[in-house]
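Peer 1: Here's my sequence, what's the structure:
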Amino acid sequence: MKPVKAKDLLKADPLQKVEMIRCTPNPQQLVFMGGKNDYSELPIEDTQILPEKDSGRWVIEQLLANGRGHWGPLEHPSITFSCSGFVHNVIVQARTHRVGISFDVQSQRYTCKRILKVAEAKLRPRDVFYVRPPGFYTNRKGKKYEWTEMDYQTQLGLCQAASERFARQYEMGVSEEHARDYLPQNIRQNFVVTFSLRSLLHFLDLRAKLDAQLEIQALCEAMIAPTKVWVPEIFEHYEEKRLHKARLSP
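Peer 2: Reported below is the predicted structural model:
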């Protein structure tokens, strides 16, 4: 049977979403200005500035092509994503990347009402907890296994029971950060993350590679579409030369 891939996870679980909420306008032009400045006798504002599309082509030809790897000017533009519905394990992995990246993550201490609603059957367990959809998967040693519909429903039932245990403790006055010890680690967490363009491509180098955990691959897949729109010429080159190849940016 065909194994589940990152794109399949996004299709099966539309609660996992990435929205671009802010970005530097004309980012390729800004990279051009930074890179061109290094070779200009005049201040960059006193020279001819290329249009956005032409700037993107210049960046590829002068900074990135033929293994030149002059990545520094790509640090100037930034992009901010709202990432919602992803499993806690994803943010634990993603947050290890700190250079050129800033995170704000939904608190598990101050957002317990959603867990109480699961306990009261006002929300479905899958609305608050992430469980891999049924399908065929591969473990780290390459062994294939089937995750069945029964497995899926059983784990959702365990999430329901955990929410009910949390609710009983909470009603007894136990603090949120104490009662959450009853919860499984597959709770969903929302986060806002800002990347420089260079740090975003480096993040994709590491986390979109095909042996990364499927859920963080899915996060990367969801980031790709808005990034293509933001820096089309640069990303076309990146996609051809680096995406999914685990080549680390200098």
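Peer 1: Within the helices and strands, which one has residue 7?
Peer 2: Using DSSP states H and E, residue 7 sits in helix 6-12.
Peer 1: cool, residue 116 as well?
Peer 2: Using DSSP H and E, the element containing residue 116 is helix 113-119.
Peer 1: Need the CA coordinates for that helix. PDB is fine.
Peer 2: Taking Å, rounded to 0.1, in the frame of the first residue of the first chain, the C-alpha atoms of helix 113-119 are listed here in PDB:
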ATOM      1  CA  LYS A 113     -11.200  26.100  28.100                       C
ATOM      2  CA  ARG A 114     -10.900  24.100  24.900                       C
ATOM      3  CA  ILE A 115     -10.000  21.000  26.900                       C
ATOM      4  CA  LEU A 116     -12.900  21.500  29.300                       C
ATOM      5  CA  LYS A 117     -15.200  21.700  26.200                       C
ATOM      6  CA  VAL A 118     -13.900  18.300  25.000                       C
ATOM      7  CA  ALA A 119     -14.700  16.900  28.500                       C
END
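Peer 1: what helices or strands is that helix leaning on?
Peer 2: helix 125-128, helix 149-171 (3 or more Cβ pairs under 8 Å, 6 or more residues apart in numbering; DSSP states H and E). Heads up, the C-betas are built off the backbone N, CA and C, glycines and all.
Peer 1: how distant is the first helix or strand past the first one going along the chain from the center of its chain?
Peer 2: The first helix or strand that comes after helix 125-128 along the chain, using DSSP H and E, is strand 135-138. Here strand 135-138 shows a centroid-to-chain-centroid distance of 22 Å under the convention Cα atoms, centre = their mean, to the nearest Å.
Peer 1: per-residue confidence averaged over the helix holding residue 116?
Peer 2: Averaging pLDDT along helix 113-119 gives 98.
Peer 1: mind listing what's buried in it?
Peer 2: Buried positions in helix 113-119, judged by neighbour count with 16 or more other Cβ atoms under 10 Å: 114, 115, 116, 117, 118, 119.
Peer 1: contacting residues for the fourth one?
Peer 2: Taking Cβ atoms under 8 Å, 6 or more residues apart in numbering as the criterion, residue 117 is in contact with 123, 128.
Peer 1: And the first one, by the same measure?
Peer 2: Shown here is residue 114, whose contacts under the criterion Cβ under 8 Å, 6+ apart are 123, 127, 128.
Peer 1: If we ignore the residues flanking it in sequence, what's nearest residue 32?
Peer 2: Spatial nearest neighbour of residue 32, excluding adjacent residues (Cβ to Cβ, 6 or more residues apart in numbering): residue 55 at 3.7 Å.
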